[in-house]
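Asker: Task: produce atomic coordinates for the following.
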Amino acid sequence: MTYKIALTIAGSDPSGGAGLQADLKTFSALGVYGASAVVAVVDENTAGVYGVHPIPLNFVQGQIRSVIDDLGVDAVKIGMLHDSELIRGVLATLREYPDVRRIVLDPVMVATSGDPLLQPEAVATLRDELIPYTKVITPNLPEASLLLGETVDHQDQLEDAARALSQLTDSKVSVMLKAGHLENNRLTDIFYNAETGRFLRLSSPRVATQNTHGTGCTLSSAIAAYLAKGADLDSAARLGKEYISNAIAAGADYHIGHGHGPVHHFYSQWK
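Answerer: Sure, this is the predicted structure:
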């Protein structure tokens, strides 16, 4: 017997709702064995981010190698990478394992609380060097705007923006463009499948809740989990959207912390 295994390369959230903690919860909830490489210890909670303590690059690279050399991995989720040196170091390490190509990147730049998590000069490094090596990216609208150099803030723009993000390089990178920052009653995320050139419109009702801490981490790790289990791109995007929508709805009425609480990762296991 063997597990399907997913590796998250991300920062740590001590409050447990975002970062690698959210990723590991998501992997577990979806029946995938989760491993992690910690890139930074973050001082944060539901109300904000108060500090970031980076892990030395060689130690990050060592963690990635230790996991892949020993366990092997079926998919990788990448979260917060705070500067260009780290981005390039993670990319160089993953290139050592050419069979590991189910890579989902959540281009984390700003926390739910509004706190910046990526140094400004690192945006170009992420865009030009790491994104072309990934299979799927999952930006929200502010992140898409930064990557494209133009404002994306209306539902009618999303398909064109998703295609433009995919075409930033010559690589076939698929894009899950998240609509959560829009004020619509229904959230319609757009998935552009770069392998087929087709769009999926993934709609769900907006839930009235402040519990949105870690939603981006959770969606991208859900997509990675389904890819690890052998799903095709469209199925992974659709099932990932379904999982995060249910997790938000199930966790809407819980009270955790004084800011943006977490989603309910284990809604199908317990209440």
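Asker: Can you show me the helices along this protein?
Answerer: With DSSP state H applied, the chain shows helices at 19-29, 57-71, 84-94, 122-125, 141-148, 158-166, 215-228, 233-251, listed in chain order.
Asker: Show me what the shortest one packs onto, helices and strands only.
Answerer: Spelled out, it's helix 122-125. helix 84-94 (3 or more Cβ pairs under 8 Å, 6 or more residues apart in numbering; DSSP states H and E). Any C-beta I mention is one placed from the backbone N, CA and C, and that applies to glycine too.
Asker: Need the helices of the chain in TSV (columns: distance to Val41, mean pLDDT and mean neighbour count).
Answerer: Conversion of these to TSV gives the following (distance: least, Cβ to Cβ, whole Å; pLDDT from 0 to 100; neighbours: other Cβ atoms under 10 Å):
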stretch	distance to Val41	mean pLDDT	mean neighbour count
helix 19-29	10	98	25
helix 57-71	12	98	15
helix 84-94	14	97	19
helix 122-125	19	90	17
helix 141-148	23	90	20
helix 158-166	30	94	20
helix 215-228	16	97	29
helix 233-251	25	97	21
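Asker: list the buried ones in the top strand by length along the chain?
Answerer: Longest strand in the chain by number of residues (criterion: DSSP state E): strand 33-44. Along strand 33-44, the positions that meet the burial threshold by neighbour count (16 or more other Cβ atoms under 10 Å) are Tyr33, Gly34, Ala35, Ser36, Ala37, Val38, Val39, Ala40, Val41, Val42, Glu44.
Asker: picking that back up, Ser204: which of the helices of the chain is closest?
Answerer: Closest approach to Ser204 among the helices of the chain is made by helix 233-251 (4.1 Å; Cβ to Cβ).
Asker: now what about the closest one, what contacts it?
Answerer: By Cβ atoms under 8 Å, 6 or more residues apart in numbering, the residues outside helix 233-251 that reach it are 26, 29-30, 135-136, 174, 176, 189, 191, 193, 195-196, 200, 202, 204, 207, 209, 211-212, 215, 218-220, 222-223, 225-227, 231, 261-265, 267-268, 271.
Asker: rerun at 7 Å
Answerer: When contacts are defined by Cβ atoms under 7 Å, 6 or more residues apart in numbering, helix 233-251 is touched by residues 30, 174, 176, 189, 191, 193, 195, 200, 202, 204, 207, 209, 211-212, 215, 218-219, 222-223, 226-227, 231, 262-265, 267.
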